[in-house]
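Asker: Here is my input; please provide its structure:
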Amino acid sequence: MTPPKTYPLVPAIAVAAFVIFVHGAWWVAGDAVVVNGNLVDGDSYARLLRVTRLVETGDWFDSALPRANAPFGGSLHWTRLFDVLLVVLALPLSAFFGFEDALFRAGVIISPILHVIAALALAWAARPLIGRAGGYLAGALTTVQFGIVGYATVGHADHHLLFALITILALGFMFRALAGSGPGWAAGAALAAGLWVGPEALIVTGLCLAAGGLVWLAGEEGGARLNVSVCLGLTLGLVLVVLAERGPAGFFDVGYDRVSIVYVTGAALVLAFWAAVRALSRPRRPASRVLGAGVGVAAAGAVLWALFPKILLGPLGDVDPDVLGLYANISELTPVGDFSRFLVYLGGTLIAVPWSLWRLRTRWGGPGRWGWCLAAAALIVYLAVAVNWIRGSMYVGIFVAVFVADLITRLEARLARRPPAVIGSLAFVFSAVVLTVGPLAAGVAGVAWLSGNDAQPRCPIQEVSRYLNGDEWGQRPRIILASPNFGPELLYRTPHRVVGTLHHPNAAGILDSIRIFGGNDEARTLDLIRKRRVDLIMICVHGGSDGYIRGRDDDRILYRRLVDGNLPPWARAVQLPLELNDAILLFEIDRR
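Answerer: Sure thing, here's the model as predicted:
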């Protein structure tokens, strides 16, 4: 009998088509941003500015943002990998549109494209743990993880989904390396690529290195060899990454907020430890291995600290603490909050965490236990991060998708062993729906009930930009003081300069913006305005982005005086078009 034909690409095509369908449906029915010619946030505009400057100047190593932090100029701490993807996507589109328009369109669609690739990558990565069918289901289930979709919809010209994709690839290689079915160096190289995108990848790097260390601590054969392979890929990958990002002339430049010699040194020290362990005879007693690991970690940490004393402060150790305090006003860097929002962002963990621990228990004696250990530990670690830092919910979504897919496929396999019954099939469908979208649906209902109609009105930056580009103000570049949240979009849409953008390399501009808006000493405030050569002050009347100013009680601060109409003699209210009157306040400044 001729075996039936198989079509191995059909499941992958189905997963990709499903993810595309979800994003297309959102774009058509739910999007209120791109349809109005906007991007989602300031970082998206800053990214397009950065890429435009790269194309215009051709200077790969230039991170300047000259019109920010006016009049002195600013910079960005991002790296080039995501920039390259935007350029690659924009170039073919530029055959039909101008490059500026093509780049905007590339920014609109790049995150959904990366989501499609990440879903397919997850189908491959999770296969050693949950099988082929489970892997494809996990890829599809990324579309019901709010932490993922929240960063993947159209209009996100930012690197979040690139982080997710590289994390998935690194884990896929690591699962195989832990099972002895793949090279460890590939996992290390993927981790190096993640660190190229940003220090956010330090968490998955630490998890993978810890999983390899546990293999050796458990006394398993080949543990040291595995760790040498992973660390070799990581170290060599980081050498190449630093050369690509900073060039030979900047290879030894010290930096913490983007990949640098600091990262290379850390990886090389861990590699040296494992190379020494492999060269020596393996300790037979577990206590000896634990002691050796402790000594090695302490020695590597001491050397790293001696060479780079700020390493203990983390990637943002060089940033002014006052600026870090402002980050508490950025929604993605805040705690989850109430239980309804927990259900929206992290509700799937109520199912995934118990199931992951159960599966780890049942697989502990098997050959794949270390992969299960890594996946369960990663879920719990990222859950702890996300509870305090909503941005971590994207990573939680990856592991929730894997464990819920595993639960559903095992439930389906158990039902398949029984005689077919309508009630059983209906029960399975109901269970699958509850497991996949139940917590999210309950959370969305709870948030809607609690918040009612409390949505913040949008600040019409696009409309005020058209006005600022007109004959009255567009004849020459002006310096605008506004909320740092609006700085990147103003830079993107106008030829003007801004004092503040909410990026920590431009800390001076952020702090001066707050000092001017929050100043209650008129003379000192005017001195700062002169220092910054401010021509215009813009306030978004209903914008939530000025909360760290509006929350002050002092009626003497400049912000409140401008809003209340109690203007200092050197400020003149600008008469705006009727459609902007209720949303924007604009003031011309006389610095004489």
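Asker: Might you report the residue contacts of the closest residue to residue 296 other than its chain neighbours?
Answerer: Leaving aside its sequence neighbours, residue 296 sits nearest to residue 273 (CB to CB, 6 or more residues apart in numbering; 4.2 Å). Quick note: C-beta positions are derived from backbone N, CA and C, even for glycine. Neighbour list for residue 273: 296, 297, 299, 300 [criterion: CB atoms under 8 Å, 6 or more residues apart in numbering].
Asker: And for the nearest residue to the last one once chain neighbours are set aside, the neighbour number?
Answerer: Take residue 300 and drop its neighbours on the chain: the residue closest to it by CB to CB, 6+ apart is residue 269, 4.0 Å away. Neighbourhood size, residue 269 [other CB atoms under 10 Å]: 20.
Asker: Quick check: residue 269 touching residue 306?
Answerer: No: counting by CB atoms under 8 Å, residue 269 stays clear of residue 306, with 11.1 Å between them.
Asker: picking up where we left off before, so the residue nearest to residue 300 is in which element?
Answerer: Here residue 269 sits within helix 261-279, counting by DSSP states H and E.
Asker: In that helix, which residues are buried?
Answerer: Across helix 261-279, burial judged by 16 or more other CB atoms under 10 Å covers 261-274, 277-278.
Asker: now swap in stretch 31-50 and tell me
Answerer: For stretch 31-50, the neighbour count (16+ other CB under 10 Å) marks 31, 33-34, 38-50 as buried.
Asker: Tell me, how many residues neighbour residue 248?
Answerer: So residue 248, with other CB under 10 Å, has 8 neighbours.
Asker: typo on my end, residue 530
Answerer: Neighbours around residue 530, by other CB under 10 Å: 13.
Asker: in this structure, which ranges drop under the pLDDT threshold?
Answerer: 1-7, 281-283, 418-422, 424, 452-456, 543-553 (pLDDT under 70).
Asker: Spell out for me which residue occupies the centre of it.
Answerer: By CA atoms, centre = their mean, the chain has its centre lying nearest to residue 160, at 3.4 Å.
Asker: And it, its phi and psi?
Answerer: Taking degrees, to the nearest 10, you get phi -60, psi -50 for the backbone angles of residue 160.
Asker: Next up, phi/psi of residue 519, please.
Answerer: When read as degrees, to the nearest 10, the backbone of residue 519 gives phi -80, psi 140.
Asker: just checking, it touches residue 554?
Answerer: No: the criterion here is CB under 8 Å, and residue 519 misses it with residue 554 at 9.8 Å.
Asker: what are the ranges of the strands in the stretch 51-200 of the chain?
Answerer: For the stretch 51-200 of the chain, strands defined by DSSP state E, counting those that start in this stretch occupy the ranges 64-65, 74-75.
Asker: Adjacent strands (with direction) for the last one?
Answerer: When you say that, I think you mean strand 74-75. When sheet partners are counted by DSSP bridges, strand 74-75 sits next to strand 64-65 (antiparallel).
Asker: what residues does the strand it pairs with touch?
Answerer: 46, 49, 50, 53, 73, 74, 75, 76, 491, 501, 503, 506.
Asker: List only those of the residues you listed flagged as buried.
Answerer: Counted by 16+ other CB under 10 Å, the contacts of strand 64-65 give 46, 49, 50, 53, 74, 75, 76, 491, 501, 503, 506 as buried.
Asker: Pull the contacting residues for the fourth one.
Answerer: Taking CB under 8 Å, 6+ apart as the contact definition, residue 53 lies against 62, 64, 65, 66.
Asker: neighbours around the residue lying closest to residue 498 once chain neighbours are set aside, how many?
Answerer: Nearest residue to residue 498 in three dimensions, chain neighbours excluded: residue 487, at 4.1 Å (CB to CB, 6+ apart). Neighbours of residue 487 under the rule other CB under 10 Å: 32.
Asker: Just the C-alpha atoms of stretch 268-280, please, in CSV.
Answerer: C-alpha atoms of stretch 268-280 as CSV (Å, rounded to 0.1, in the frame of the first residue of the first chain):
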residue,chain,number,x,y,z
ALA,A,268,35.3,35.5,28.0
LEU,A,269,35.7,35.1,31.8
VAL,A,270,32.8,32.5,31.9
LEU,A,271,34.4,30.7,28.9
ALA,A,272,37.8,30.7,30.7
PHE,A,273,36.2,29.1,33.7
TRP,A,274,34.5,26.3,31.7
ALA,A,275,37.7,25.7,29.7
ALA,A,276,39.6,25.2,33.0
VAL,A,277,36.9,22.9,34.3
ARG,A,278,37.0,20.8,31.2
ALA,A,279,40.8,20.6,31.3
LEU,A,280,40.8,19.4,34.9
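Asker: quick one: it to chain centroid distance?
Answerer: Counting by CA atoms, centre = their mean, to the nearest Å, stretch 268-280 is centred 32 Å from the centre of its parent chain.
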